[in-house]
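Peer 1: Pasting the sequence and the predicted coordinates here, then a few questions.
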Amino acid sequence: MDTKASALGPSETSVIPIQSKPKDRDFLNHLEAYLAKRDGVDKLLKISGYATKIILASSVLPESLPVAQRLKSFESSVGLSRKAFRLGKFVQDINTLRNSHFDSKQEIFLSIVAYGGEGFYYFVEQFIWLAKSGLIDGKHLRNLQKISAWAVFIGHLGSITLKVRDLKQITEDEKCLNASIEIAISRGIDHQVEEARMKKLREKLLMKKLSIVQELADGLMALADIRDGKGHLSGPLLLASAGLSSAIISTQKNWVSC
């Protein structure tokens, strides 16, 4: 699950503050800030890993070619490197739960499922990395991978449910604000403030929809891991495409937020 705490959990406030337009940053300074975050590096690795998987799964290169073997080795190395970037990341989910304010028992339950599932996934992933790197006995690797897949799948279910709730609330806010704008227009009242809020609200709505798409893509990959790549919707090319889509969306979110 490649989500940040702000994108996985309780509803965000429906009040859309009006902020002054931020000063455009130099691209290289922005890039430096992005790469300084482990999520930024992790998502770039994720893009390169799944792009490589797509090349291999599409049979563009014959397996007999040396470059195909190199790509397989590269993809495997990227996967192992990404696990190293997740060391201690489960603490993020613990702190998010500790610092969150909930409006209902249902929200508490869904947040525990979402953050708890993701946090437990990151916790188990540390041992998977140690097993794959050879530091601990790999005889339990398969069981650890199965536990990890179930944890992140459950986390995605909780996260999707929360985000669908958020999406409904944002849609209601959009309808109310649109009605206010129409009334202001009919009365000849200045509505620049409402228009600015509407712009912010629509940006938030778009990001929430993209975030749900990302969760669905990651959930599909987790389901495939649970089923050991068997059954419907488990084709290598489909899963690689889902992974790349998830990586691009999360990269965009991280780039905007940093």
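Peer 2: Received it, and whenever you're ready, just let me know what you need.
Peer 1: max-length helix in this protein?
Peer 2: Counting residues, the longest helix found in the chain (DSSP state H) is helix 141-186.
Peer 1: Give me the packing partners of that one, helices and strands only.
Peer 2: Packed against helix 141-186, as judged by 3 or more Cβ pairs under 8 Å, 6 or more residues apart in numbering; DSSP states H and E, are the following elements: helix 105-132, helix 192-226. In short, each C-beta sits where N, CA and C put it, glycine included.
Peer 1: Neighbours of residue 41, how many?
Peer 2: 15 (other Cβ atoms under 10 Å).
Peer 1: which residues does it contact?
Peer 2: Contacts of residue 41 were listed using Cβ atoms under 8 Å, 6 or more residues apart in numbering, and they are 35, 85.
Peer 1: And it, how far from residue 55?
Peer 2: 22 Å (Cβ to Cβ, to the nearest Å).
Peer 1: just for the stretch 151-258 of the chain, where's the confidence low?
Peer 2: By pLDDT under 70, the stretch 151-258 of the chain has no low-scoring segment.
Peer 1: which SS state does residue 64 fall under?
Peer 2: When classified by DSSP: H, G, I helix; E, B strand; the rest coil, residue 64 comes out as coil.
Peer 1: Residue 101: neighbouring residues, count only.
Peer 2: 6.
Peer 1: Quick check, pLDDT for it.
Peer 2: Residue 101 carries a pLDDT value of 85.
Peer 1: SS state for it?
Peer 2: Using three-state DSSP, the structure places residue 101 in coil.
Peer 1: Can you tell me how far it is from residue 39?
Peer 2: From residue 101 to residue 39 the distance is 24 Å (Cβ to Cβ).
Peer 1: Check residue 150 too.
Peer 2: Distance from residue 150 to residue 39, by Cβ to Cβ: 23 Å.
Peer 1: The two: which has the busier surroundings?
Peer 2: Set side by side, residue 150 and residue 39 show more neighbours around residue 39, with 21 against 18, by other Cβ under 10 Å.
Peer 1: Tell me the buried residues in the helix or strand that contains that one?
Peer 2: Element membership for residue 39 (DSSP states H and E) is helix 38-57. Under the neighbour-count criterion of 16 or more other Cβ atoms under 10 Å, helix 38-57 has 39-40, 42-47, 49-57 buried.
Peer 1: What is the neighbour count of residue 106?
Peer 2: Residue 106: 12 neighbours (other Cβ under 10 Å).
Peer 1: Which pLDDT value belongs to it?
Peer 2: So, for residue 106, pLDDT stands at 90.
Peer 1: now swap in residue 6 and tell me
Peer 2: Predicted confidence (pLDDT) for residue 6: 37.
Peer 1: try the one 4 residues further on
Peer 2: The confidence metric pLDDT takes the value 37 at residue 10.
Peer 1: Same question for residue 112.
Peer 2: Predicted confidence (pLDDT) for residue 112: 94.
Peer 1: Quick check: closest non-adjacent residue to it.
Peer 2: Spatially, and ignoring its direct neighbours in sequence, residue 112 is nearest to residue 97 (6.9 Å; Cβ to Cβ, 6 or more residues apart in numbering).
Peer 1: secondary structure element for the one you found?
Peer 2: Taking DSSP H and E as the definition, one finds residue 97 inside helix 90-99.
Peer 1: could you check the angle helix 38-57 makes with that helix?
Peer 2: Orientation check (axes from the mean of the first three to the mean of the last three Cα atoms, to 10 degrees): helix 90-99 against helix 38-57 gives 130 degrees.
Peer 1: neighbouring contacts of helix 90-99?
Peer 2: Contacts to helix 90-99, defined as Cβ under 8 Å, 6+ apart, come from residues 5, 9, 111-112, 115-116, 118-123, 126.
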